[in-house]
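Visitor: Output the structure for:
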Amino acid sequence: MFEVRQEGQPTQDLMKHFVNPSIQQDLMRAPWAAVTAQREVFAWLTWSPPALSPVYRTMHKYFPGALPGQAVHERLVKVLDRYGFNNDNTIMGTSVCPDEINNDPTDLPVLMQDYWGEV
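Guide: Predicted structure coming up:
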């Protein structure tokens with residue numbers, strides 16, 4: 001669920017806008033699908049491990065369809081922009097583990113904070 005709430009407006013769940021079934025991979029049924037152009041680009045950008053690496057295989061075994069934080073952030077901004085959200089009229093809130101693993105400069109919570117600003 002990805003709820004958007006605005007005063008005087010009905011609550012909207014925008015999660016369907018973050019999913020693209022045409023590129024989702026079922027690695028149990030089609031293990032060869034793990035090596036796609038999208039994943040190769042993410043690895044080339046150093047956003048994710050190389051598609052043939054043990055880290056990549058393990059990540060997608062336990063978190064199938066996982067996307068790099070940068071890719072999620074860009075999708076998030078693109079979708080919310082269509083609804084008029086920007087850093088002047090939006091307060092960002094997250095619910096992620098506060099451990100140091102989520103606080104590198106390229107991690108999703110940090111990217112979101114840098115884009116949306118702090119309260």
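
Visitor: Give the residue spans of this protein that score low on pLDDT.
Guide: Low-confidence segments of the chain (pLDDT under 70): 1-2, 15-37, 119.

Visitor: That one: helices as residue ranges?
Guide: Taking DSSP state H, the helices of the chain run over residues 37-44, 54-62, 69-82, 108-116.

Visitor: Which among those helices is found nearest to Asp99?
Guide: Closest approach to Asp99 among the helices of the chain is made by helix 108-116 (10.8 Å; Cβ to Cβ). The C-beta positions use only the backbone N, C-alpha and C, and glycine is treated the same way.

Visitor: Pull out the buried positions in the closest one.
Guide: By 16 or more other Cβ atoms under 10 Å, the buried positions in helix 108-116 come out as 108-109, 111-112, 116.

Visitor: cool, and stretch 79-98?
Guide: For stretch 79-98, burial by neighbour count (16+ other Cβ under 10 Å) applies to 79-80, 85, 90.

Visitor: Pull out the CA atoms of that stretch and give them to me as PDB.
Guide: The C-alpha trace of stretch 79-98 is given here as PDB (Å, rounded to 0.1, in the frame of the first residue of the first chain):
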ATOM      1  CA  VAL A  79       4.200   9.100 -10.300                       C
ATOM      2  CA  LEU A  80       3.700  11.700  -7.500                       C
ATOM      3  CA  ASP A  81       4.600  14.600  -9.900                       C
ATOM      4  CA  ARG A  82       1.500  13.700 -12.000                       C
ATOM      5  CA  TYR A  83      -0.600  14.400  -8.900                       C
ATOM      6  CA  GLY A  84       1.100  17.800  -8.200                       C
ATOM      7  CA  PHE A  85       3.300  16.700  -5.300                       C
ATOM      8  CA  ASN A  86       6.600  18.500  -4.700                       C
ATOM      9  CA  ASN A  87       8.900  19.300  -1.900                       C
ATOM     10  CA  ASP A  88       6.900  22.500  -1.100                       C
ATOM     11  CA  ASN A  89       3.600  20.800  -0.500                       C
ATOM     12  CA  THR A  90       4.600  17.300   0.700                       C
ATOM     13  CA  ILE A  91       5.900  16.000   4.000                       C
ATOM     14  CA  MET A  92       7.900  12.800   3.500                       C
ATOM     15  CA  GLY A  93       7.600  10.000   6.000                       C
ATOM     16  CA  THR A  94       9.300   6.600   6.000                       C
ATOM     17  CA  SER A  95       9.000   3.400   8.000                       C
ATOM     18  CA  VAL A  96      12.300   1.600   7.400                       C
ATOM     19  CA  CYS A  97      14.800   0.100   9.700                       C
ATOM     20  CA  PRO A  98      16.900   2.900  11.100                       C
END
